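# heads up, no residue letters with this:
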C-alpha cells in the first residue's frame, strides 16, 4: 500500500471537513461544486453530459447572490457602528415624529438599495460568466478546439461556483485589514488553483494540447492586466496635462 504524502493527507482532511459542512446545508449542488474542487478530473468528465446554459446560469446566480449578501453583511458590520452614532445624535436633536419619519425613510432607502445591489449584481455576475466563457471559447476555437460553447460555459460555471464558495469565508476577512493581508497568500493560491481547473476544462472540452490549453486560460487575465496598465498610464498622462 502506497503511503499518502503530507499534501494528500491535508487535502483529504480538507475534503472531509468540506463534506461535513455541506451535509448541514440543504443545497445539493454544493456537493457537485465540492467534487469539482477536490476531484476535478473525475467530476468534470461526469458533469460534461449534464451541460446546460440554464444550469450554469443558476449555479452562478446562486453563488453570486450569497457572495454579494455576505459582502453587504460585512459592510453593514463595518459602518453599522457609525450609523448607530448618527441615529443617536439625530434622535437627540430632532422631534420624535421627525426622527421616526427620518428613520423609516432611511430604512426604506437602505432596503431598496440592498435589493437593487443583490439583483443587479447577480445579473452582472451571470453576464460576466457568459462573456468570459465566450472569450475563452473563441480563443480555444482559434487554437483548434472542437468543443461546444454550452459545455465549456457550464463547466466554467461549476469551477466558478466552487471557487466562489471556497472564497466566501474570506469575503468577511477582507474587511479586516491585518487579517486580510495574512489571508492574501491563501486566496492567491485558491485563485491559481481555479486557473488550473480551467486548464483542465479547456483541455477536456476542446481536446487541445497542454500548451494551447494554457494559452486559452492565461491570455484573458494577461489582456486584462495590460488594459489596466494602459488605462493607468492614460489617466496619469491626463493628470499631468491638467496641472
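Perfect, thanks for sending it. Just so we're clear, the structure is a prediction, and the values are computed from it rather than from any experiment. Numbers count the residues shown, from 1 in each chain.

# which helices and strands sit right next to the top helix by length along the chain?
Counting by DSSP state H, the longest helix found in the chain is helix 96-142. On a contact count with 3 or more CB pairs under 8 Å, 6 or more residues apart in numbering; DSSP states H and E, helix 96-142 meets helix 53-93, helix 149-173, helix 177-206, helix 210-242. Any C-beta I mention is one placed from the backbone N, CA and C, and that applies to glycine too.

# want to throw the ones you listed into JSON lines with mean neighbour count?
As requested, the helices and strands packed on helix 96-142 are exported to JSON lines (neighbours: other CB atoms under 10 Å):
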{"stretch": "helix 53-93", "mean neighbour count": "15"}
{"stretch": "helix 149-173", "mean neighbour count": "21"}
{"stretch": "helix 177-206", "mean neighbour count": "16"}
{"stretch": "helix 210-242", "mean neighbour count": "12"}
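
# who wins for proximity to residue 18 among these?
Comparison of the helices and strands packed on helix 96-142 against residue 18 by CB to CB identifies helix 149-173 as nearest, at 8.3 Å.

# Work out the gap between the closest one and the centre of the chain.
Averaging C-alpha positions (CA atoms, centre = their mean, to the nearest Å) puts helix 149-173 6 Å from its chain's average.

# How about the contacts made by residue 37?
Residues near residue 37 by CB atoms under 8 Å, 6 or more residues apart in numbering: 18, 162, 163, 166, 193, 197.

# Relative to the whole chain's centre, how far out is the longest helix of the chain?
For helix 96-142, the distance to the chain centre is 14 Å (CA atoms, centre = their mean).
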